[in-house]
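Participant: Mind looking at a prediction? Sequence and model below.
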Amino acid sequence: MCSPACRAWRVTAGSMRRSAISCRPISTLSISRLFRKMSYRLLILLVVIFLFACEQQDGEPTGSDDENVVLVEVDGRPITLAMLERVMEVRDIEASDHEQMREVLDELIRMQAVANAARSEGMAEDPEVQAELRLSEIQTMYRHYINRAQRARPVTDEDIREVYQAQLERSGDTQYRIETIAYEEQARVLQAIRRLQDDEMDYSELRAEAQADGLAVEEPGWIDRSQVPEDFAARLVETESGEIVPQPLESSRGWHLVRVLDTRDLQVPALEQVREGIARSLLQQRREALTDSLYDQAEITPMLPLDDVD
């Protein structure tokens, strides 16, 4: 909550707003603009003083009271201090930059004037507009909910070190340079593996046949065992250079016959090199886990006649 001094500044700001609206000269355009510029300067000064006074109160920011501080009304629609602060935060504008603050306030007023015109012409009832407003609400609530959850459970140095150590254990001490042949069906890749194992053809012949059939033959580069499923990794570590892994590798693109071209010692990156990446990965995992949990708890009711769908 703000101190009495803060509330006093709120009243002063409100008084200034009413004065600016009711007393604006309208004799000429130049005089009107001059008065508006002077009003903005005084209004911005009051905003700066308000922010300073409230942030000095117990060393805390203004908080939710910002929404109650109306800087100006545009045809009865309020532009609040919280709205101004939000735009300034997104654009990285300092509170000491009065000129940019004034420009942002002017932009908000202009946007509100256009929005008011849209409402008066019934655009708020347009289905497309309503859909966009609903989506905007969903995205805003989603973002703030996730951000609050992440602030409540931040990624710690201990979390990062645990992931780093676990990754080292999964990766092993060897990297493998591989070549793959992609098949659409598991049966075909298993047949190809059997043909090689039974010496019906060598790998170069199989590779040429696959290319002639239009199959993708690729070199993904160097991998370690943490990048493939555990059962495949167990067979990979037993495979020498020049040999095929006696088990197909499944991916979103199909089934792959894998040949090991070369091996080398794994170059382990230092913790500091991967710290930020691990932190981002942990945040993403927690966000997905929270979303999945809430999804599972939600009561989802289909509203279309699904029985009629083939």
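Facilitator: All right, it came through fine.
Participant: Please make it C-alpha for all contacts and neighbour counts, starting now.
Facilitator: Will do.
Participant: and Arg91, what are its phi and psi?
Facilitator: Backbone geometry at Arg91, expressed as degrees, to the nearest 10, gives phi -90, psi 0.
Participant: Ok, Thr80 next?
Facilitator: Per-residue torsions, Thr80: phi -100, psi 160 (degrees, to the nearest 10).
Participant: for Pro78, same thing?
Facilitator: Main-chain dihedrals, Pro78, degrees, to the nearest 10: phi -80, psi 140.
Participant: Just give the number of residues close to it.
Facilitator: Neighbours of Pro78 under the rule other C-alpha atoms under 10 Å: 17.
Participant: didn't it look like it was pressed against Leu71?
Facilitator: Yes. Under the criterion of C-alpha atoms under 8 Å, Pro78 makes contact with Leu71 at 7.4 Å.
Participant: What segments of the stretch 101-250 of the chain are helices?
Facilitator: Assigned by DSSP state H, counting those that start in this stretch, the stretch 101-250 of the chain shows helices spanning 127-152, 157-171, 186-197, 203-212, 230-236.
Participant: Can you lay out the ones you listed as a markdown table showing mean pLDDT and distance to Leu290?
Facilitator: Formatted as a markdown table, those follow (pLDDT from 0 to 100; distance: least, C-alpha to C-alpha, whole Å):
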| stretch | mean pLDDT | distance to Leu290 |
| --- | --- | --- |
| helix 127-152 | 97 | 8 |
| helix 157-171 | 95 | 18 |
| helix 186-197 | 96 | 35 |
| helix 203-212 | 96 | 44 |
| helix 230-236 | 95 | 26 |
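Participant: and the ones you listed as TSV, adding distance to Asp106 and mean neighbour count?
Facilitator: Output for those, formatted as TSV (distance: least, C-alpha to C-alpha, whole Å; neighbours: other C-alpha atoms under 10 Å):
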stretch	distance to Asp106	mean neighbour count
helix 127-152	23	12
helix 157-171	44	14
helix 186-197	63	16
helix 203-212	64	14
helix 230-236	59	15
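Participant: tell me the SS of the residue lying closest to Gln186 once chain neighbours are set aside?
Facilitator: Once flanking residues are discounted, Gln186 sits nearest to Trp255: 5.8 Å by C-alpha to C-alpha, 6 or more residues apart in numbering. Of the three states, Trp255 takes strand according to DSSP: H, G, I helix; E, B strand; the rest coil.
Participant: which ones are touching Trp255?
Facilitator: Taking C-alpha atoms under 8 Å, 6 or more residues apart in numbering, we find Trp255 in contact with Ala182, Tyr183, Glu184, Glu185, Gln186, Val189, Pro248, Leu249.
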